[in-house]
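[1] coords please:
(2 chains)
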2 protein chains.
Amino acid sequence: MWTFLEDMKRISSVIDSEIDRILSEIEDERLREASEHILKSGGKRLRPFLVVISSQLVGGTVKDAIPGALAVELIHNFSLVHDDIMDRSKMRRGKPTVHEEFGEDMAILTGDAIFSEAFSVLSSPDGNSERVLEAIKILSRTSKILCEGQSMDISFKKRESVSEEEYLEMVKKKTGALIASSVYIGALLGGGNKTECESLWKYGENLGVAFQIRDDWLDLKGDPEKSGKPRGSDIREGSKTIITIHALSSLRGDERDKLLRALGREDISESEIQEVIRILEEAGSISYAEEKAKEFAEKAKKYLEQFEENKYRKYLEEIADFSATREM
Amino acid sequence: MWTFLEDMKRISSVIDSEIDRILSEIEDERLREASEHILKSGGKRLRPFLVVISSQLVGGTVKDAIPGALAVELIHNFSLVHDDIMDRSKMRRGKPTVHEEFGEDMAILTGDAIFSEAFSVLSSPDGNSERVLEAIKILSRTSKILCEGQSMDISFKKRESVSEEEYLEMVKKKTGALIASSVYIGALLGGGNKTECESLWKYGENLGVAFQIRDDWLDLKGDPEKSGKPRGSDIREGSKTIITIHALSSLRGDERDKLLRALGREDISESEIQEVIRILEEAGSISYAEEKAKEFAEKAKKYLEQFEENKYRKYLEEIADFSATREM
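    Numbering: from 1, shown residues only, chains lettered A, B, ... in the order given. All right, here's what the predicted structure looks like:
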């Protein structure tokens, strides 16, 4: 009987060796090195794990799910590389981002090559053609949704005021959609029916939102050693998070101005970041985010109730709990 | 009985209305505007036409080919948007490039969204699932090859010397592969057999090389009014073309130095460009390119000999002739 962590490691190592194979097939040396830089930088491989468990949840096998698992991981990494360029992020997972290390041109190209590879691996399996085609349709639509979410995120940076509703819409697109596709595609490739796939989509969408809200929280309260990027990156990049949106709607006067001035200031000092965190804490915005993440995780779990109570359902529930309480 | 130009216009208008539909489904306003900027900038729609004729050549219909035709046109436009960022190109088809008009971030995102859409349209048809899956596999592999070609192109700019063989390898990847996929996918969706698809691939690869070599020629000898970009853009961007490669290998002394100094100089004047063109002409490099384009066009046509002599084969032959002699 495998445990959660053992199962996760096992899937992760299958994905790692598939990634090695993909990398070895990239002929251009710089492109291969830059792809390796992101694809082997120690990601959690959460999405592939979600694909595989969802396949198993509906009675499918690990093997059915691998092409889908690999494809969503590749789409995830492609979007990280391109988003990091747009967000001017310097560090990811404790290493320089691809554009910092290899230049912007190579980062654009690396994202594109990884993107192509996602559809390549998904279109090459032995599985049921109709289901595979449906998975490709879902994944390509999701990729477009990711772009829409990123575009919203960029436009929010330039706006003083963004509503929580707008933020949630953006996060649903930018983070929720790919996690939702992961579980949807897993169930699809594992032979699940329409209702099962759609419930899992809803589970995934809420899970993704919980993850992102916790990410907003971790940016201010997490351990930079564990996240691999400096504390307060969202403040520095001027991102609208659920925390700053809550604070901007509840603060008045001086403190609100201080927060506004801090957002998007690339040269902000560590002590100024600390001061902003104090303001956000006093406004109750940080604990608000903590609660909201839990709320979405609970909502996600509701969509699992129709499934048989087995080990895989338990895993998905644990991932929901983890999403809202994780320290990394 | 339709003629070549009438048929081309007819396909082009089907593609245009499909593109309108796709654009109307992009929710994010800026993303929609930027996508429209490139997708409706008056491209020749050559690749969709190739997909459709190839389907008809092997006995398929226009309808069979439309999803493939649209997909290759989208991949073509995605790669133009991203390549223009990397090449710092300011103008395309007589208009500012997407990154000039909407900024680099939006250009990255626009390329990504168009890329996603290509796989979305291809995975949504009513056709034969096995053939559609095979088309997706070909198109995704081709997208990766485009990235490899672009990476070679970028690295060539930094090198003083590039061999003609290396140049041809790069062009085969950067231009040949997508044209080859167009005819391959057309034949595949139209019900063609393996041999037909593979012969068409070879036709397309050589056609693509002829096109690119003629493009190198047009950059120096074409009418900037027709190309929509200033004469000598390749010199200004420091691109290695078959013309500069030929000249660098045959010129010595002063003239070679002059050419080397001109390559990649963004602020080069119109009269200096004229001087470079004179040097290239005297070295025989411009007429060399003219001949080489014709050679590849002839090679392309050879791969059509196995097909029945019908209207569609005639069209493909005419396109090959056009590729090496066109004035725009």
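[2] pLDDT score for whatever residue of the stretch 201-328 of chain A ends up closest to chain B?
    Chain B sits closest to A:Glu237 of the stretch 201-328 of chain A, with a gap of 12.3 Å, by CB to the nearest CB. All C-beta atoms are positioned from the backbone trio N, CA, C, and that covers glycine. We note a pLDDT of 89 for A:Glu237 in this prediction.
[3] Looks like it contacts A:Asp87 (just checking).
    Yes. Using CB atoms under 8 Å, A:Glu237 is in contact with A:Asp87, at 5.4 Å.
[4] Quickly list what's touching both of these two.
    Residues touching both A:Glu237 and A:Asp87 by CB atoms under 8 Å, 6 or more residues apart in numbering or on different chains: none at all.
[5] Flag every buried residue along the helix or strand bottoming out on mean pLDDT in chain A.
    Ranked by mean pLDDT, DSSP states H and E, the weakest helix or strand in chain A is helix A:224-227, scoring a mean of 83. Neighbour-count burial for helix A:224-227 flags A:Ser227 (criterion: 16 or more other CB atoms under 10 Å in any protein chain shown).
[6] cool, and stretch A:18-33?
    Quick answer for stretch A:18-33 (16+ other CB under 10 Å): A:Glu18, A:Ile19, A:Ile22, A:Leu23, A:Ile26, A:Asp28, A:Arg30, A:Leu31, A:Arg32, A:Glu33.
[7] cool, stretch A:51-71 as well?
    Quick answer for stretch A:51-71 (16+ other CB under 10 Å): A:51-58, A:60, A:62, A:64-71.
[8] Tell me, please, where in the stretch 1-150 of chain A the pLDDT is lower than the cut-off.
    Applying pLDDT under 70 to the stretch 1-150 of chain A flags residues A:1-2, A:125.
[9] And the helices in it, which stretches?
    For the stretch 1-150 of chain A, the helices defined by DSSP state H, counting those that start in this stretch occupy A:4-24, A:29-39, A:46-57, A:62-86, A:98-102, A:104-122, A:129-157.
[10] then the second one to PDB, C-alphas only?
    Extracted C-alpha coordinates of helix A:29-39, given in PDB (Å, rounded to 0.1, in the frame of the first residue of the first chain):
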ATOM      1  CA  GLU A  29      22.100  23.400 -27.700                       C
ATOM      2  CA  ARG A  30      21.100  26.700 -26.200                       C
ATOM      3  CA  LEU A  31      17.400  25.900 -26.600                       C
ATOM      4  CA  ARG A  32      18.000  22.600 -24.800                       C
ATOM      5  CA  GLU A  33      20.000  24.200 -22.000                       C
ATOM      6  CA  ALA A  34      17.300  26.900 -21.400                       C
ATOM      7  CA  SER A  35      14.500  24.300 -21.500                       C
ATOM      8  CA  GLU A  36      16.400  22.200 -19.000                       C
ATOM      9  CA  HIS A  37      16.900  25.200 -16.800                       C
ATOM     10  CA  ILE A  38      13.200  25.500 -16.200                       C
ATOM     11  CA  LEU A  39      12.000  21.900 -16.600                       C
END
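[11] how far off helix A:62-86 does it point, in degrees?
    With axes from the mean of the first three to the mean of the last three CA atoms, to 10 degrees defining the directions, helix A:29-39 sits at 100 degrees from helix A:62-86.
[12] And A:Gln118, how far from A:Arg159?
    Small correction: residue A:118 is Ala, not Gln. From A:Ala118 over to A:Arg159 the distance is 32 Å, taken as CB to CB, to the nearest Å.
[13] Look at the two and report which has more neighbours.
    More neighbours surround A:Ala118 than the other of A:Ala118 and A:Arg159, with 27 against 9 (other CB atoms under 10 Å in any protein chain shown).
[14] Quick check: the gap between the residue lying closest to the more buried one once chain neighbours are set aside and chain B.
    Residue nearest to A:Ala118 in three dimensions, not counting chain neighbours: A:Leu74, with 3.8 Å by CB to CB, 6 or more residues apart in numbering or on different chains. Distance, A:Leu74 to chain B, by CB to the nearest CB, to the nearest Å: 11 Å.
[15] What's the local residue count around A:Leu74?
    29.
[16] Contacts only, for it.
    So A:Leu74 contacts A:Ile22, A:Leu39, A:Ile114, A:Phe115, A:Glu117, A:Ala118, A:Val121 (CB under 8 Å, 6+ apart).
[17] what about 6 Å?
    Listed by CB atoms under 6 Å, 6 or more residues apart in numbering or on different chains, the contact set of A:Leu74 reads A:Ile114, A:Glu117, A:Ala118.
[18] Give me the contacts around stretch A:243-253.
    Contacts to stretch A:243-253, defined as CB under 6 Å, 6+ apart, come from residues A:Val162, A:Glu164, A:Tyr167, A:Asp216, A:Leu259, A:Leu280, A:Ala283, A:Ser285, A:Ile286, A:Tyr288, A:Ala289.
[19] and the gap between the first one and B:Leu263?
    The one in question is A:Val162. Distance of A:Val162 to B:Leu263, computed by CB to CB: 47 Å.
[20] what about A:Glu327, which SS state?
    coil (DSSP: H, G, I helix; E, B strand; the rest coil).
[21] Neighbours of the nearest residue to A:Val81 once chain neighbours are set aside, how many?
    Nearest non-adjacent residue to A:Val81, counting by CB to CB, 6+ apart: A:Gly111, 4.1 Å away. Other residues near A:Gly111 number 30, with proximity taken as other CB under 10 Å.
[22] now do the one 3 residues further on
    Residues lying near A:Ile114 (other CB under 10 Å) number 30.
[23] Tell me if I'm right that it and A:Ser79 touch.
    No. With contact defined as CB atoms under 6 Å, A:Ile114 does not reach A:Ser79; the gap is 9.2 Å.
[24] quick revisit: just the C-alpha atoms of the least confident helix or strand of chain A, please, in PDB.
    Taking Å, rounded to 0.1, in the frame of the first residue of the first chain, the C-alpha atoms of helix A:224-227 are listed here in PDB:
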ATOM      1  CA  PRO A 224      11.900  33.000   1.200                       C
ATOM      2  CA  GLU A 225      14.400  30.100   1.600                       C
ATOM      3  CA  LYS A 226      11.600  27.700   0.800                       C
ATOM      4  CA  SER A 227       9.900  29.700  -2.000                       C
END
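[25] which outside residues touch it?
    Applying CB under 6 Å, 6+ apart, the contact partners of helix A:224-227 are A:Leu218, A:Pro230, A:Arg231, A:Met328.
[26] Quick check: the two most widely separated of the buried residues of stretch A:18-33?
    A:Glu18 and A:Arg30 (22.1 Å; CB to CB).
[27] surely A:Ile26 meets A:Arg32?
    Yes. Under the criterion of CB under 6 Å, A:Ile26 makes contact with A:Arg32 at 4.0 Å.
[28] For A:Met8, which non-adjacent residue is spatially closest?
    Per CB to CB, 6+ apart, closest to A:Met8 is A:Phe49, 5.3 Å.
[29] and the stretch 51-200 of chain A, which residues reach chain B?
    Proximity of the stretch 51-200 of chain A to chain B is confined to A:82, A:86, A:105, A:108-109, A:112-113, A:116, A:119-120, A:123-124, A:129-130, A:133, A:136-137, A:140-141, A:143-144, A:147-148, A:150-151, A:154 under the rule CB under 6 Å from any CB of the partner chain.
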